[in-house]
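Visitor: Build me a model:
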Amino acid sequence: MTDPLIESLRRAVERAPDDALLRLHLAEQLLAAGAVDDAIAECATVLSQDPTCGEARQLMARSVTPAEPAAGGFDWAAADRELDEIVSPMFVADEGGRDQSVSAWEAENAGVTLADVGGMHTVKDRLEAAFLAPMRNPELRKLYGKSLRGGLLMYGPPGCGKTFLARAVAGELGARFVSVGLADVLDMYVGNSERNIAELFDLVRREAPCVLFLDEIDALGQKRSGTHNAAMRGAVVQLLTELDGVAHRNDGVFVLAATNQPWDVDPALRRPGRLDRTLLVQPPDVEARASVFRYHLQHRPVAGIDLARLAKDTNGFSGADIAHVCETASERALLDSARSGKVRMIEMRDLVAALSEVRPSIGEWLQTARNVVLFADDDGTYADLRTYLKKVKKL
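Guide: Down below sits the predicted model:
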């Protein structure tokens, strides 16, 4: 900073470090000169001396809030020139209909494999046996007459890594990955939801080998008997049609779906040739919990963290719960640094304190699952879930 006034103010502050008004005047000048980080640092110093200083709080808020554009400052001529440079808009239909080469979704590389999933060996073994082994061994598949028809439905408590597992499966298969949720497909206009689903499956067929991941399938493929909305019923029917198309007409398209509420999924979706295999994704085990902590802390300033103790103390936590613990611990260290004016590392005490605030979030799901197993599982559909509930003493 070469501004003479700012340099003079800096020297004055060095001689009188407790003069809050002088330091705030320096912060004002720094902010006006565009040195936002320096201005924030000066405000934090004042607040560490007097946390109730209103002027310092206001200046801090101004420093961290992007400035509003000045009235009349928008360059309309430049905007017009940019619009003129656009050759053609996306999603424009010609006389023959919509351009099928343009898609609202994008197939991407998975970027991870099951080796990147910490722990969860039971889940990995089931994935290998039920899904991956037949895909990897075409000669054995032919010998034993094993069909590639059908898909896999993963279910379990929220926040336990079903999406990450689906991406890892795509990585294991060396396939492209497309993830779709309810909001990506449903449309307020009649017929558009069905058309979106058809276009989605056209995309994954063009990108084969490709893993299509349908997230929250209970919302997209909910029971038609309980659906009074004609558009939703039409979307479910279209989804069933496309799944049958994958089974009979296409190679290299692998469908995975995830839900927290498998009992709300239309039974037709789980018939042979559709989502006919299920996998219970349990909350992370102790090894997986340590991996989740390591993942969420690896890019933060930490010191003296005992991962083994944290993993042991978070039995019953979902991956999302552990991420919340790490975020809460980071907030504690950040606020402490702001009050003291001295940056410090995230320490074990911050994580222990965060654990006293964050409670496991899967309790309600476990209660619902218990009721389903006790009163709505006459055919043994949820045998794995029954075994898990007995293991955690919820049944």
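
Visitor: correct me, but residue 131 touches residue 170?
Guide: No - contact criterion Cβ atoms under 8 Å: residue 131 and residue 170 do not qualify, at 11.4 Å. All C-beta atoms are positioned from the backbone trio N, CA, C, and that covers glycine.

Visitor: Common neighbours of those two, please.
Guide: Jointly contacting residue 131 and residue 170 under the rule Cβ atoms under 8 Å, 6 or more residues apart in numbering are residue 254.

Visitor: higher neighbour count, those two?
Guide: Under the criterion of other Cβ atoms under 10 Å, the comparison of residue 131 against residue 170 puts residue 170 first, with 27 against 21.

Visitor: State the helix or strand in which that one lies.
Guide: helix 162-173 (DSSP states H and E).

Visitor: quick one, strands of this protein?
Guide: 108-109, 152-155, 176-180, 210-214, 253-259, 277-280 (DSSP state E).

Visitor: Number of residues surrounding residue 238?
Guide: Other residues close to residue 238 by other Cβ under 10 Å number 20.

Visitor: those helices in the stretch 251-395 of the chain, which residues are they?
Guide: Under the criterion DSSP state H, counting those that start in this stretch, helices of the stretch 251-395 of the chain are mapped to 286-297, 307-313, 319-340, 348-357, 363-375, 383-391.

Visitor: Nearest to residue 126 among these would be which one?
Guide: With Cβ to Cβ as the measure, helix 383-391 is the member of those nearest residue 126 (8.6 Å).

Visitor: Report the distance from the closest one to the chain centre.
Guide: 27 Å (Cα atoms, centre = their mean, to the nearest Å).

Visitor: Pull out the buried positions in it.
Guide: 384-386, 388-389 (16 or more other Cβ atoms under 10 Å).

Visitor: coming back round to it: so which of the helices of the stretch 251-395 of the chain comes closest to residue 161?
Guide: Between residue 161 and those, the shortest separation by Cβ to Cβ is 5.1 Å, and it involves helix 319-340.

Visitor: Quick check: mean pLDDT of that closest one?
Guide: The predicted model gives helix 319-340 an average pLDDT of 94.

Visitor: Would you mark the buried spots in it?
Guide: Neighbour-count burial for helix 319-340, counted by 16+ other Cβ under 10 Å, picks out 319-326, 328-330, 332-333, 337-338.

Visitor: Likewise for stretch 251-265?
Guide: Neighbour-count burial for stretch 251-265 [16+ other Cβ under 10 Å]: 252-263, 265.

Visitor: Could you do stretch 128-135 as well?
Guide: Of the residues in stretch 128-135, those buried (16+ other Cβ under 10 Å) are 131-132, 135.

Visitor: got it, and stretch 31-49?
Guide: Result for stretch 31-49 [16+ other Cβ under 10 Å]: buried residues 31, 35, 38-40, 42-47.

Visitor: Do you know the pLDDT at residue 211?
Guide: Reading off the model, residue 211 has pLDDT 90.

Visitor: Without its sequence neighbours, what residue ends up closest to it?
Guide: Nearest residue to residue 211, sequence neighbours excluded (Cβ to Cβ, 6 or more residues apart in numbering): residue 170, at 3.8 Å.

Visitor: on that earlier part again, out of the buried residues of stretch 251-265, what pair is the most spread apart?
Guide: 252 and 263, at 31.4 Å, using Cβ to Cβ across the buried residues of stretch 251-265.

Visitor: of all the buried residues of helix 319-340, which comes closest to residue 53?
Guide: Nearest to residue 53 among the buried residues of helix 319-340, with distances taken as Cβ to Cβ, is residue 338, at 13.0 Å.

Visitor: need the contact list for the residue lying closest to that closest one once chain neighbours are set aside.
Guide: The shortest distance from residue 338 to any non-neighbouring residue, by Cβ to Cβ, 6+ apart, is to residue 44 (5.5 Å). By Cβ under 8 Å, 6+ apart, the residues touching residue 44 are 60, 338, 341.

Visitor: go with 10 Å
Guide: Residues near residue 44 by Cβ atoms under 10 Å, 6 or more residues apart in numbering: 27, 56, 60, 63, 337-343.

Visitor: Name the nearest of the residues you listed relative to residue 222.
Guide: residue 338 (46.6 Å).

Visitor: wouldn't the closest one be in contact with residue 51 here?
Guide: Yes - the pair residue 338 and residue 51 passes the contact test of Cβ atoms under 10 Å, sitting 9.3 Å apart.

Visitor: coming back round to it: for the buried residues of helix 383-391, give me JSON lines that also has distance to residue 160 and pLDDT.
Guide: Putting the buried residues of helix 383-391 into JSON lines (distance: Cβ to Cβ, whole Å; pLDDT from 0 to 100) gives the following:
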{"residue": "384", "distance to residue 160": "14", "pLDDT": "92"}
{"residue": "385", "distance to residue 160": "13", "pLDDT": "93"}
{"residue": "386", "distance to residue 160": "18", "pLDDT": "94"}
{"residue": "388", "distance to residue 160": "12", "pLDDT": "92"}
{"residue": "389", "distance to residue 160": "15", "pLDDT": "94"}
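
Visitor: Which pair of the residues you listed spans the longest distance?
Guide: Longest span within the buried residues of helix 383-391, Cβ to Cβ: 384 and 389, 9.8 Å.

Visitor: confidence score at residue 305?
Guide: pLDDT, read off for residue 305, is 94.

Visitor: Could you measure from it over to residue 348?
Guide: Here the criterion is Cβ to Cβ, to the nearest Å. By it, residue 305 lies 6 Å from residue 348.
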